[in-house]
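[1] how does the following fold in three dimensions:
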Amino acid sequence: MIEHLVFLLEEPSAQDFLSRILIRILPKDVQVHYMVFEGKQDLEKRLSKRMKGWIRPNTPFIVMRDEDSGQGKVIKARLNKLCVEAGQPTAIIRIACRELETFFVGDWAAVAEGFKNPALARNANLAKYRNPDLLGSPSVEIARVIKFYQKREGARKISPFLQFDKNKSNSFRVLVTALQNLFPS
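    Reported below is the predicted structural model:
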């Protein structure tokens, strides 16, 4: 039985996001630990050391990073190599296609609910949002419709309303499925 779960994250907004969706996925007795880094370079530089320093055995690790303008498969392979070197070959690595906001653009109803603006839900009908994983910069897309959009505030407001089964972002659904598979009901 899993008692602890460790997330290694590129940025604080990922923790804001996860802390709000995990309450709907994880059993209540699982302790979640977040290791938040200062960007992708810091994550990759210190990942192995932080994993090696973890003292609780049988703890699953999940590494989450934005793809940004890189290639997801290359990034995942590089992170996997670091995990193997740290003695954690079973670590789960999830790449958010482009950036965390891809998950939000995949569910405009959640954005509308989070920002208390029902009109935002209509964006779901626009062709460019049919596959949010292909968008160049989802945070820019959100900032176009929400003035003064901030990543952490957005994660806090939107995440509680994200629908796991209706989100159009494949990378979001893959992340949720990986988490659900750790704790089958």
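
[2] do you have the strands of the chain handy? List them.
    Here the chain has its strands, by DSSP state E, at 4-9, 31-36, 61-66, 92-96.

[3] so of those, which one's packed in deepest?
    Greatest average neighbour count among the strands of the chain goes to strand 61-66 (a mean of 24), per mean count of other CB atoms under 10 Å. To be clear about C-beta, it is placed using only N, CA and C from the backbone, and glycine gets the same treatment.

[4] strand partners (parallel or antiparallel) of it?
    strand 4-9 (parallel), strand 92-96 (parallel) (DSSP bridges).

[5] rank these by mean pLDDT and give me the bottom one.
    Ranked by mean pLDDT, the strands paired with strand 61-66 bottom out at strand 92-96, which scores a mean of 93.

[6] quick one: contacts for the closest residue to residue 103 other than its chain neighbours?
    The shortest distance from residue 103 to any non-neighbouring residue, by CB to CB, 6 or more residues apart in numbering, is to residue 172 (4.2 Å). Contacts for residue 172 were tallied using CB atoms under 8 Å, 6 or more residues apart in numbering; they are 96, 102, 103, 106, 107, 162.

[7] out of those residues, which sit inside helices?
    The helices, defined by DSSP state H, take in 102, 103 from the contacts of residue 172.

[8] let me know the closest of the contacts of residue 172 to residue 122.
    Using CB to CB, residue 107 comes nearest to residue 122 of the contacts of residue 172, at 13.3 Å.

[9] can you read off the backbone torsions of that closest one?
    For residue 107, the backbone dihedrals (degrees, to the nearest 10) come out as phi -150, psi 80.

[10] which pLDDT does the model give the closest residue to it other than its chain neighbours?
    Nearest non-adjacent residue to residue 107, counting by CB to CB, 6+ apart: residue 167, 4.7 Å away. Confidence at residue 167, expressed as pLDDT, is 98.

[11] which residues does the closest residue to residue 160 other than its chain neighbours contact?
    The shortest distance from residue 160 to any non-neighbouring residue, by CB to CB, 6+ apart, is to residue 20 (4.8 Å). Residues in contact with residue 20 (CB under 8 Å, 6+ apart) are 155, 156, 159, 160.
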